[in-house]
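Participant: Okay, here's the prediction I keep looking at, along with the sequence it came from:
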Amino acid sequence: MKVDFHCHTSISDGALTPKALVDLAKEKGITTLAITDHDTTHGYELIKDYAVEQDLELIAASEISCQWKGHTIHIVGLEVDIDNPVLKAGLKMNRIKRWKRAFEIDIKFQRRNLNGILENILPKIQEGMIGRNHFAQALIEKGVVKNQRQAFDKYLKKGRPMYAEVNWPELEEVVGWIKAANGIAVIAHPHIYKMTSNKLNKMIEDFKAAGGQAIEVVNQPRVCAEQTGMADRAERFELYASMGSDFHRPEHTWRGLGWLAPMPTKCTPVWELFETPITTS
């Protein structure tokens, strides 16, 4: 079997519609998929019946923004009850925060005579959720920057002129939403957070104390130092290990859907926690 427990559709900041993502998953031989759109489960809701028709096991999930000691952290909730009122209320609150940030970013662009950015984004979102990646893509299309990294480095990341702060809920609160929905809380892409090794370890300790159960160990197609380090942490902190590509767009050739290194043998895979366990043999 082949799995990917972290990817995005056009319902958040991915390029493909939920249907197109399911079709791509089938093309890539993926058998179990979690659509983890930011702060919403709408992509899963739209496509769950189609996934059944395609014989693809689809996991109800979302990637949820939170904060820990001034750092923005993303927690993936896997196998969540999408109808749980605690989770639904929390995700709605985060979506409101996302829209508030979007308007603040657009005002900053207008002050620099970069007009029409948000207007160009809105038709593409439709029922979806807005994020900074949408602004980055709009800047690419306008020819202002060459790629997303340049958009963030020049305009959108913390300390840059178009950055807008968001008061995300605390990590413990978001883990609580996931637990209330009988889901599995997973620290997403832990290697990207700009903190020291000791601070990362402390964040993981607090995450586990709040009820978190897993950490993303495999995010890349090849074994690397980051993967080895996270596998060591999964073992050290007695956490289950997840794997996900964080796929957003087909043109990102360095990050393909399901293009992942094998799960390290020392790790206990997160799917052992699933209500209906899967195997990758």
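Facilitator: Structure's in. What do you need? Numbers count the residues shown, from 1 in each chain.
Participant: what number of residues lie near the closest residue in space to Pro264 that isn't next to it in sequence?
Facilitator: Excluding the flanking residues, the one nearest Pro264 by Cβ to Cβ, 6 or more residues apart in numbering is Ala231, at 4.3 Å. All C-beta atoms are positioned from the backbone trio N, CA, C, and that covers glycine. By the measure other Cβ atoms under 10 Å, the count of residues near Ala231 is 20.
Participant: The worst-scoring helix or strand of the chain on mean pLDDT - contacts with which helices or strands?
Facilitator: Lowest on mean pLDDT, DSSP states H and E among the helices and strands of the chain sits helix 117-125, with a mean of 87. Under the contact criterion of 3 or more Cβ pairs under 8 Å, 6 or more residues apart in numbering; DSSP states H and E, helix 117-125 touches helix 85-111, helix 132-141.
Participant: For that helix, buried residues please.
Facilitator: Judged by neighbour count (16 or more other Cβ atoms under 10 Å), helix 117-125 contains these buried residues: Ile117, Leu118, Ile121, Ile125.
Participant: Looking at those residues, which one is closest to Val52?
Facilitator: Within the buried residues of helix 117-125, proximity to Val52 (Cβ to Cβ) peaks at Ile125, which comes in at 26.6 Å.
Participant: quick check: angle from the least confident helix or strand of the chain to helix 132-141?
Facilitator: Angle of helix 117-125 versus helix 132-141, following axes from the mean of the first three to the mean of the last three Cα atoms, to 10 degrees, is 110 degrees.
Participant: mind checking how far helix 117-125 is from the chain centre?
Facilitator: Its chain's C-alpha centre and that of helix 117-125 lie 21 Å apart, by Cα atoms, centre = their mean, to the nearest Å.
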